[in-house]
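Colleague: Task: produce atomic coordinates for the following.
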Amino acid sequence: MRKSELMTLWNIESWTEEPYGVYFVSRRLGTNHLENEAQAFQKINISCTSYTEAEVLSLPMWEQLFVQLDKLDQLAQELIEQEIPQEESIVLTLTDIMLDKSGCYDTFALGYDVGESPAGHLYILVSFDEDFTAQQDVIYETL
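Modeller: All right, here's what the predicted structure looks like:
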């Protein structure tokens, strides 16, 4: 895929290539109906750690991920809700898509910034394999 095609598909507003990876911010129309059109756009940080620009552009998953993102987001949120005690009510908003050559997220992970918790700032990740199948283990990180 050419960079211009990826940038158009994902509505990329910024692109950074660093020695330790490629990072970009996508703006996509949110699924919630909001009064203000500017509020309807959701920013998603996409990080490709340890990838070069050429490697990012050669990944065959971008179109499929874009098409299936709402479905994958819903699945990830269902897995998270199974892990979180019912008395805790949190709003989950997809904030990140992470790829890492080390494989620590399997093929990729969807990330949710939950906010402050008793343990600190809580971040939840759900990883997916190359077949876009969610892994059952939800990863909790505190910042």
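
Colleague: following the lowest-mean-pLDDT helix or strand in the chain, which helix or strand shows up next?
Modeller: Lowest by mean pLDDT, DSSP states H and E among the helices and strands of the chain is helix 37-40, with a mean of 52. Once the chain leaves helix 37-40, the next helix or strand it forms, by DSSP states H and E, is strand 41-49.

Colleague: tell me which residues in that next one are buried?
Modeller: Neighbour-count burial for strand 41-49, counted by 16 or more other C-beta atoms under 10 Å, picks out 44-49. In this view, the C-beta of every residue, glycine as well, is placed from N, C-alpha and C.

Colleague: dump the residue contacts of residue 95.
Modeller: Residue 95 makes contacts with 43-45, 111-113, as judged by C-beta atoms under 8 Å, 6 or more residues apart in numbering.

Colleague: try residue 81
Modeller: With C-beta under 8 Å, 6+ apart, residue 81 has these contacts: residue 92.

Colleague: any idea of the pLDDT on it?
Modeller: Residue 81 carries a pLDDT value of 86.

Colleague: is it fair to say it lies in a strand?
Modeller: No: Residue 81 is assigned helix when assessed by DSSP: H, G, I helix; E, B strand; the rest coil, not a strand.

Colleague: Can you spell out which residues form a bridge with residue 113?
Modeller: residue 123 (DSSP bridges).

Colleague: Renumber starting at 59 from here on
Modeller: Will do, 59 is the new start, and the previous item becomes residue 171.

Colleague: so it makes contact with residue 200?
Modeller: No: if you go by C-beta atoms under 8 Å, residue 171 and residue 200 don't touch, sitting 11.4 Å apart.
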